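Undergrad: Provide a 3D model corresponding to the input given below.
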Amino acid sequence: MKSESFIRILAGVMILLSVALTRYVDARWWFFTAFIGLNLIQSAITGFCPPTFVLDKLGWIDADNRIHFGGTPRR
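TA: Below you'll find the model as predicted:
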């Protein structure tokens, strides 16, 4: 899976989670939704994406920008 696809899935899941938390737990979870939206905007403008940075540090992204959960395979 390409890292861009994974990041889009992650953002969608986090937004759905924050909407559910807002509905069933507390209205202040909308701040989490706003944070995710602002992070998506800054990522589009600057090109820096914190989840991609973390995945890269974990060694889960290879040279082809594909994700290998648990680390890159050894060749």
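Undergrad: What residues sit buried inside the helix ranked longest in the chain?
TA: Criterion DSSP state H: the longest helix present in the chain is helix 3-24. If you call a residue buried by 16 or more other C-beta atoms under 10 Å, then helix 3-24 has these buried ones: 3, 6-7, 11, 14, 18, 21-22. In this view, the C-beta of every residue, glycine as well, is placed from N, C-alpha and C.
Undergrad: And these, which is closest to Ile36?
TA: Met14 (5.3 Å; C-beta to C-beta).
Undergrad: How about that closest one, nearest residue that isn't a chain neighbour?
TA: Using C-beta to C-beta, 6 or more residues apart in numbering and skipping the chain neighbours, the partner closest in space to Met14 is Ile36 (5.3 Å).
Undergrad: just how off-centre is the longest helix of the chain within its chain?
TA: 8 Å (C-alpha atoms, centre = their mean, to the nearest Å).
Undergrad: Other residues contacting it?
TA: 28-30, 32-33, 36-37, 40, 49, 51-52, 55, 61, 65-67 (C-beta atoms under 8 Å, 6 or more residues apart in numbering).
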